[in-house]
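got a predicted structure plus its sequence, pasted below:
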Amino acid sequence: MKWEDIVGQQKTIEQLTSAIKNGRVGHAQLLVGKLGYGTLALALAFASEILGSQSQSGAAKVSSLNHLDLHFSFPVFPEKDKSLSSRLFKEFRDFVLLNPYQNYSDWVEQFDRSSQFYISVSEIESQIEKFNLKSFEGGSKILIMWGAERMNTEAANKFLKFLEEPPNDTYILLLAESLEDFLPTILSRTQVFEIPAIDSEALEQYVEKNSTLSKAQRDVLVLRAQGDLREVQNLLEAQHSGSEFEMLFIQWVREAFQVRKSPQKLRDIILWARLIAGWKIEKQLRFLQFCADTFRLALLENYASPELVYQKISEGTFNWEKFAHFIHGANIEDILIQLSEADYHLRRNGNQNVIWTDLGIKLSRYIHRKR
């Protein structure tokens, strides 16, 4: 990853490169912002700049994540009495090389695990042991901690000692989406860079290069993404691979329409809810986002702005225009509120069957509401 490969973030790039050039880089940097803003991409470009200046092949080795003095720490699921990142480094390396803008949900979804992913004290102890050894190539050593806010309390306390007495010529790059879960003493020992959302112009250029959407459709998609490149990618991917979500959305809408005249459809809604509740939580949250986006786009269609609709459901005999007629100002707010509340309760480990059943039934009430 090079600076020029990063989407947007010119001001942050200038700050980091200036600090490197003028020798004002502290041993511990904390990059705070959504992963879709490019925190990992920035960290990799930083590592490439540092290690690339110390050997002829340094930058190339960083680009392939094969540099022996570049170390990674990231959340993993527990196994026996130890939870070391090295156990899943091959998977993480493939994950990063595929797309450095992927987020925590993308990482967790690869594994069939219901347990929590975190950075453990044994992981921190393992990293301290590595950094107490000499550099393999005789230059700097760099640690990139992806998902640093997911250190448990014991790990955070151990990591604090590492920060207080770092080995010579060591750079630590902490990547986090929030500062809320950090010990104040860790924050006081790091140089904090708040990574902003990617500017709309840079995202629009990315969408133009990677899609055939019209200018009006690109503008709507960029607005929906709120400066998050991963969200842009998800919205673009949904145009090509949303068939499962589309089919379940259609099923939900049709049963919600019919339940008033055919109460037996209530049983079908319960079965629909039970099916979705069986998914991993990350997939459930993505389906909620898909539903919210689809309702918003239907509203645009209904209010005579079809040129702004960058994605329509075209599965089977589903009539998009007819469906859009039922989404209007009198019900869209309540529909989106219910989707938001479902998201809230799912993230807080609510009963998934109950959440989806309640959501499924409530749509039948809102979708029949008159304008």
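Thanks, I have the structure now.

now stretch 63-81: buried residues?
Buried positions in stretch 63-81, judged by neighbour count with 16 or more other C-beta atoms under 10 Å: 63, 65, 67, 69-76. Where you see a C-beta, it was placed from the backbone N, CA and C, and this is true even at glycine.

A helix includes Ile172, no?
No: going by DSSP: H, G, I helix; E, B strand; the rest coil, the assignment for Ile172 is strand, not a helix.

quick one, phi/psi of the residue nearest to it when sequence neighbours are not counted?
Leaving aside its sequence neighbours, Ile172 sits nearest to Ala28 (C-beta to C-beta, 6 or more residues apart in numbering; 4.4 Å). Torsion angles at Ala28 (phi, psi; degrees, to the nearest 10) stand at phi -130, psi 120.

next one, pLDDT for Ala28 please.
Reported pLDDT at Ala28 in the predicted model: 90.

against Leu16, how distant is it?
Separation of Ala28 from Leu16 (C-beta to C-beta, to the nearest Å) stands at 14 Å.

Val220 now?
Val220 is 32 Å from Leu16, by C-beta to C-beta.

three-state assignment of His71?
Applying three-state DSSP: His71 is strand.

lowest-pLDDT helix or strand in the protein?
Using mean pLDDT, DSSP states H and E, helix 229-241 stands out as the lowest-scoring helix or strand of the chain, at a mean of 78.

so which bits of the following helix or strand past that one are buried?
Downstream of helix 229-241, the first helix or strand assigned by DSSP states H and E is helix 243-258. By 16+ other C-beta under 10 Å, the buried positions in helix 243-258 come out as 245-246, 248-253, 255-258.

then stretch 156-175?
Under the neighbour-count criterion of 16+ other C-beta under 10 Å, stretch 156-175 has 156, 158-160, 162-163, 166, 170-175 buried.

dump the residues you listed into a markdown table; add pLDDT as well.
Formatted as a markdown table, these follow (pLDDT from 0 to 100):
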| residue | pLDDT |
| --- | --- |
| Ala156 | 91 |
| Lys158 | 91 |
| Phe159 | 91 |
| Leu160 | 90 |
| Phe162 | 88 |
| Leu163 | 88 |
| Pro166 | 81 |
| Thr170 | 89 |
| Tyr171 | 91 |
| Ile172 | 93 |
| Leu173 | 94 |
| Leu174 | 94 |
| Leu175 | 96 |
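
from the residues you listed, which is closest to Ile198?
Leu175 (15.8 Å; C-beta to C-beta).

what is the helix or strand containing the closest one packed up against?
If you go by DSSP H and E, Leu175 is part of strand 170-176. Applying 3 or more C-beta pairs under 8 Å, 6 or more residues apart in numbering; DSSP states H and E, one finds that strand 170-176 contacts strand 28-32, helix 39-52, strand 141-146.

which residues touch it?
With contacts defined as C-beta atoms under 8 Å, 6 or more residues apart in numbering, strand 170-176 is touched by 25, 27-32, 35, 39-40, 43, 46-47, 50, 131, 140-149, 162-163, 166, 182, 190.

show me which of the residues you listed are buried.
Looking at the contacts of strand 170-176 with 16+ other C-beta under 10 Å, the buried ones turn out to be 25, 28-32, 35, 39-40, 43, 46-47, 50, 131, 140-149, 162-163, 166, 182, 190.

low pLDDT regions in this structure?
Along the chain, segments meeting pLDDT under 70 span 81, 113-114, 238-242, 305-311, 313-316.

hmm, try it at 80
55-56, 79-82, 112-115, 137-138, 217, 220, 237-243, 259-265, 302-318, 370-371 (pLDDT under 80).

per-domain residue ranges of this structure.
3-194, 242-366 (automatic domain parsing).

quick one: end-to-end length of the first one, please.
Going back to what we said before, that points to domain 3-194. 17 Å (C-alpha to C-alpha, to the nearest Å).

off-centre distance for it?
16 Å (C-alpha atoms, centre = their mean, to the nearest Å).

so Ser105 sits in a strand?
No: applying three-state DSSP, one finds Ser105 to be helix, outside a strand.

thinking again about what came up before, and which of the buried residues of stretch 63-81 is nearest Leu300?
Pro75 (37.7 Å).

now that closest one: phi and psi?
Taking degrees, to the nearest 10 as the convention, Pro75 sits at phi -70, psi 140.

nothing else from me, thank you.
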